[in-house]
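Asks: turn this into a structure:
(2 chains)
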There are 2 protein chains.
Amino acid sequence: MKRKVSALVGICLSALLLVGCGKSNNNSSSSNNDNTTTTKKSDDFQTTGDASNDQYQGVIENGRYKTSKSRGVGVQQDSENMLNLKNFDTGMTDISKKFFSTKDYLFQEGQYLTTDTVENWLGRKSKDNPDGLNPESNGNGANRNPMYVQQIGEQDYMKNNNGKLSLAGMTIGIGMNRKDYYQKEKYGATYTQSISRDKMVEEGKIAAKKVLERVRKLDGVSNDTPIVIAMFQQAPNDSLVGGTFYAYAVSNSGTDLGDWKELDYKNVTFPVTSGKSVPNSNDEKSFENFKDKVQKFFPNLAGVTAQAKYDGKSLQSMNININTQFYSETEIISFTQYVAQAAQSYLPNRIPIDIQILGSDGKTQAFLSRDSGDAKFETHVFTNS
Amino acid sequence: MKRKVSALVGICLSALLLVGCGKSNNNSSSSNNDNTTTTKKSDDFQTTGDASNDQYQGVIENGRYKTSKSRGVGVQQDSENMLNLKNFDTGMTDISKKFFSTKDYLFQEGQYLTTDTVENWLGRKSKDNPDGLNPESNGNGANRNPMYVQQIGEQDYMKNNNGKLSLAGMTIGIGMNRKDYYQKEKYGATYTQSISRDKMVEEGKIAAKKVLERVRKLDGVSNDTPIVIAMFQQAPNDSLVGGTFYAYAVSNSGTDLGDWKELDYKNVTFPVTSGKSVPNSNDEKSFENFKDKVQKFFPNLAGVTAQAKYDGKSLQSMNININTQFYSETEIISFTQYVAQAAQSYLPNRIPIDIQILGSDGKTQAFLSRDSGDAKFETHVFTNS
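Replies: Down below sits the predicted model:
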């Protein structure tokens, strides 16, 4: 099992790095932690410390990270498109920040939903599995009942009361399918059934209600612990981008979910594949200009791809991968300098941008990044000597 | 040919990243170039711009990087241990900085030694190849004449005279073997002949003299162009570290080489392989403490290795690779935060340190770096969303 998961992580993280789409503003900054012990000690827990003001500190117990009670389930559920998992995790954290400030709350991997529980909830409803959130099986014919709920994630937000950790908030992410994949017989061809957005939203609300009711009953979850339920639309298995969160709601107490807040996030790849639309064509032009300059730099070819994250029509961040073949260390350094200038001149201003420069083997040789608001790019070349 | 080189680059750069030993101080900094055109235009050339004060700007012609006239030769010569090539390139640049300031000189890949010339010089002396720097063949028996000279590199240092580039300095690197590898018959077993350090130094001086005389005669190289000759000791093929420069001399005019300046550089890997000595055991202890902390963080194993660069007994820089398996994006972020603190607490102070965090597939998930003199680490997590 663990081995299998490991392999998946392998395959998929690699895919990730080759596609990539950045939120460097949340993750690139100097450690502003002044203590020189590795951990902030307290009565019975420690934290990872904070690499920046807008990141949560994670919980450590006895020098060991407190991993999720359902660790690895997400990796299984998203094995076909690991971008879904990565977007799911980071998206949950981003939404959580709207309610639980990084200054007042500590981050803890989900400790209340176990692997067994999550796997049962993600299954079909049946005599053996009354808690299944997906409809009972009606066989694998053309009109089979689709699998709507694909993954469930939990994040705990803790407060430190005189050295004792207490649960002060929770975010539950629910990943919903727009495509239902199935085989008519084992090892047979894979069939796909589409799920309309309206149907996904409707089923998502039903699942959210059930999940909230069940989570409220869990040991250690009080009736008035704020619980954020965040709804995620899974990207298709063959998508080059991961899914996005499309709505969330907050239950401040009991099983009342309050109103749903809609989200309009969209992930786009550049160069744009024919037929696909772009929220803002100027961004596409900027990328193409940048790409042309960079590809001229060496006689040998360079591949330039990007992922852009949009909120409505407004570009939020960009992550660019440049893949080329280097013949010397000096070529890598010169190329990185050039890319820094080309990026500053041609790419959209004032948004966080990550650029990774990869060798012909796909390993990172250098990277550049710019935080939101900055004009210039930080550059780093992985020299070795 | 090109394809073959490409493959080599692939294999080797990957090896590189997994071993790695940093000079982040020279290569991590914000672009301090204020113009917003991608290149500084002049009459007939452009430059890559400068990613930092202590880096050279490279020469661009018609929007294309001016690549070396012997591009790819080094990749062939060092295919068995690409760390040799990477150290050779960066080491030549470092020595050049002692004579050609990054402010007054532009960097140009070697334009005077062609692939044919270098390949002839690296061959054995023979009727067909009178310019071979290696001794005539006496067969591949036990007492065969070893191959002493393994690689030759050229770097040009240019000045901008009213928009015209002119050669103002040159650095020639010569890579010398301590091990001579050969087969007694084609596709047979590989035999190894050791070359004493004294013999290497002696042969190196002979080769240096010949090379200087020949370079002086090249079209475009004037009699009073300063030429730095830098001598490099190749690391064995099976070494986890690359070679180092052991001496250099400067010819200010003609064929007079001036005095040789000895260098005492050494590359060391941590954990230290049994039997190997370390210039400073405190550095080893520091690394081991750091390693223990990091390996405790997750229940699953993490591999922690480092390369340290020494000048005499004084640690110059460290490059650390941490390889582990992540089950979620939040684990990567928390791990990176923790590593930033552990590194600050346990690793040697006041030297540049690079730390790469790699997933189970060997792809970079996050990296941390600290410049010389800084206390805190910059952190960057390659999130994707």
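Asks: would you indicate which residues of stretch A:87-107 are buried?
Replies: Across stretch A:87-107, burial judged by 16 or more other C-beta atoms under 10 Å in any protein chain shown covers A:87-97, A:99-100, A:102, A:105-107. To be clear about C-beta, it is placed using only N, CA and C from the backbone, and glycine gets the same treatment.
Asks: hang on, I meant stretch A:213-223
Replies: By neighbour count on 16+ other C-beta under 10 Å, the buried set for stretch A:213-223 is A:214-216.
Asks: just the ones of these in strands?
Replies: The members of these all map outside strands under DSSP state E.
Asks: closest to chain B among those residues?
Replies: residue A:215 (18.7 Å; C-beta to the nearest C-beta).
Asks: which residues does residue A:306 bridge with?
Replies: Listed beta-bridge partners, residue A:306: residue A:270, residue A:320 (assigned using DSSP bridges).
Asks: can you check the pLDDT for it?
Replies: Per-residue pLDDT puts residue A:306 at 95.
Asks: which ones are touching it?
Replies: A:21, A:269-270, A:287, A:318-321 (C-beta atoms under 8 Å, 6 or more residues apart in numbering or on different chains).
Asks: ok, how many other residues are close to residue A:188?
Replies: Residue A:188 has 10 neighbouring residues, counting by other C-beta atoms under 10 Å in any protein chain shown.
Asks: in what helix or strand does it lie?
Replies: Assigned by DSSP states H and E, residue A:188 falls within no helix or strand.
Asks: coming back round to it: closest to chain B out of the contacts of residue A:306?
Replies: Using C-beta to the nearest C-beta, residue A:21 is the member of those that lies nearest chain B, at 5.1 Å.
Asks: circling back to that earlier point, reformat the contacts of residue A:306 as JSON lines; add neighbour count.
Replies: Listed next are the contacts of residue A:306 as JSON lines, based on neighbours: other C-beta atoms under 10 Å in any protein chain shown:
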{"residue": "A:21", "neighbour count": "28"}
{"residue": "A:269", "neighbour count": "17"}
{"residue": "A:270", "neighbour count": "20"}
{"residue": "A:287", "neighbour count": "23"}
{"residue": "A:318", "neighbour count": "27"}
{"residue": "A:319", "neighbour count": "26"}
{"residue": "A:320", "neighbour count": "27"}
{"residue": "A:321", "neighbour count": "22"}
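Asks: thinking again about what came up before, looking at the buried residues of stretch A:213-223, which are in helices?
Replies: A:214-216 (DSSP state H).
Asks: please name the nearest non-neighbouring residue to the residue of chain A positioned farthest from its centre.
Replies: Computed with C-alpha atoms, centre = their mean, the maximum C-alpha offset from the centroid of chain A is found at residue A:299, amounting to 36.5 Å. Setting aside the residues directly before and after it, residue A:299 is nearest to residue B:67 in space (C-beta to C-beta, 6 or more residues apart in numbering or on different chains), at 6.6 Å.
Asks: ok, now residue A:284?
Replies: Using C-beta to C-beta, 6+ apart and skipping residues adjacent in sequence, the residue nearest residue A:284 is residue A:278, 4.9 Å away.
Asks: again, but for residue A:146
Replies: Leaving aside its chain neighbours, residue A:146 sits nearest to residue A:180 (3.6 Å; criterion: C-beta to C-beta, 6+ apart).
Asks: give me the phi and psi for residue A:148.
Replies: Note on residue A:148: backbone dihedrals following degrees, to the nearest 10 are phi -90, psi -40.
Asks: tell me the contacts of it?
Replies: A:133-135, A:176-177, A:180, A:195, A:199-200, A:203-204, A:207.
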